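1. Have a look at this fold, sequence not included:
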């Protein structure tokens with residue numbers, strides 16, 4: 001059985017969920033993998049997204 005989550009339903013590679021107690025980012029990697037990141041609600045999301053983008057590129061480079 002295939003589970004459909006927010007990334008599948010939206011058709012995008014990254015989703016950000018802002019909650020009362022935390023912010024959660026999820027991004028699809030190559031090979032049907034997903035990285036999930038939890039942030040504090042007062043975190044600088046612009047800086048985090050920038051670092052997350054670089055990290056995702058580095059991780060994707062590891063997968064053939």
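-> Good, I have the coordinates. The shown structure was predicted, so the numbers you read here are calculated from the model rather than taken from an experiment.

2. what kind of secondary structure is the residue nearest the centre of the chain in?
-> Centroid check for the chain by CA atoms, centre = their mean gives residue 26 as the closest residue, at 2.2 Å. Assigned with DSSP: H, G, I helix; E, B strand; the rest coil, residue 26 falls in the strand class.

3. Test my guess that it contacts residue 12.
-> No: the criterion here is CB atoms under 8 Å, and residue 26 misses it with residue 12 at 10.2 Å. Every residue, glycine included, has its C-beta placed from N, CA and C.

4. Counting by contacts, list what the longest helix anywhere in the chain packs against.
-> Scanning the chain for the longest helix, with DSSP state H as the assignment, gives helix 45-62. In terms of contacts (3 or more CB pairs under 8 Å, 6 or more residues apart in numbering; DSSP states H and E), helix 45-62 is packed against strand 23-29, strand 33-39.

5. do that again at 6 Å, thanks
-> In terms of contacts (3 or more CB pairs under 6 Å, 6 or more residues apart in numbering; DSSP states H and E), helix 45-62 is packed against strand 23-29.

6. Skipping its backbone neighbours, what lies nearest residue 63 in space?
-> Spatial nearest neighbour of residue 63, excluding adjacent residues (CB to CB, 6 or more residues apart in numbering): residue 30 at 4.3 Å.

7. And for that neighbour, the neighbour number?
-> Counted with other CB atoms under 10 Å, residues neighbouring residue 30 total 12.

8. Next: the one 3 residues further on.
-> The number of residues packed near residue 33 is 11, by other CB under 10 Å.

9. Who does it form a beta bridge with?
-> residue 29 (DSSP bridges).

10. returning to that earlier point: I'd like the mean pLDDT over the longest helix of the chain, please.
-> Helix 45-62 carries an average pLDDT of 94.

11. That helix: which residues count as buried?
-> Residues of helix 45-62 classed as buried: 48, 49, 52, 56 (neighbour count, 16 or more other CB atoms under 10 Å).

12. Next: stretch 17-36.
-> Result for stretch 17-36 [16+ other CB under 10 Å]: buried residues 23, 25, 26, 27, 28.

13. what is the mean pLDDT for stretch 25-37?
-> On average, stretch 25-37 scores 89.

14. I appreciate the help and will end here.
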